[in-house]
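Colleague: no FASTA, just this:
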């Protein structure tokens, strides 16, 4: 299958200085305001409803037409990364990035983070359990978050996830992250995800590398 570059243009990656300036600006101005939070909530609900539906054929066609209409409405408003809203709202679940599980940060320490997350229907793997890959999405982002608060933008060198128990859907879970050690550009991080009984359902360890000047 080919991709129409006019319809799906390549993302222009900003340099480090532009990225940090955009992040600081986004945090202070809350891009999109309260209305954007409502839009993201509706978007997440749509993800859940599409993932969980089984429709008669004629209704599939109707829904497809409506989503296509929305795609056309949004197409003229696509912007470069430094100007985007998604991913730049740390006050919204999953920092307003619909790909991420909708996590929230509750406590910020010098080298630690604590928060909550609920895996919804969109993240179902099977057997009423959250997909294993959704753990990696959560851990990679919150672990990178704690590193970024120290050093700015870093990249994931490796991420290992251990699955301890079934992770239920639609149940509020808690997580914590700790920056364990630093050496040069290297940052070692650990994280844990807990069920309401306080049992670890998964944990992770990762290595992040701080970017050198000029790297992306």
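Modeller: Received the coordinates, thanks. Values in this document were obtained by computation on a predicted structure and should not be read as measured data. Numbers count the residues shown, from 1 in each chain.
Colleague: Check which residues of stretch 162-174 are buried.
Modeller: 167, 169, 173 (16 or more other Cβ atoms under 10 Å). Where you see a C-beta, it was placed from the backbone N, CA and C, and this is true even at glycine.
Colleague: So what's the model's average confidence on stretch 126-142?
Modeller: Confidence for stretch 126-142, expressed as mean pLDDT, is 96.
Colleague: now stretch 209-216
Modeller: Rounded mean pLDDT across stretch 209-216 is 73.
Colleague: Would you mind identifying the next helix or strand past the helix-or-strand element of the chain with minimal mean pLDDT?
Modeller: Sorting the helices and strands of the chain by mean pLDDT, DSSP states H and E puts helix 16-29 at the bottom, at a mean of 60. Beyond helix 16-29 on the C-terminal side, the first helix or strand identified by DSSP states H and E is helix 33-51.
Colleague: In that next one, which residues are buried?
Modeller: Under 16+ other Cβ under 10 Å, the buried positions of helix 33-51 are 36, 37, 40, 44, 47, 48.
Colleague: again, but for stretch 114-126
Modeller: Buried residues in stretch 114-126, defined by neighbour count with 16+ other Cβ under 10 Å: 115, 117, 118, 119, 120, 122, 123, 124, 125.
Colleague: Which element, helix or strand, includes the residue of the chain positioned farthest from its centre?
Modeller: Relative to the C-alpha centroid of the chain, counting by Cα atoms, centre = their mean, residue 58 is the outermost residue, at 33.6 Å. If you go by DSSP H and E, residue 58 is part of helix 57-74.
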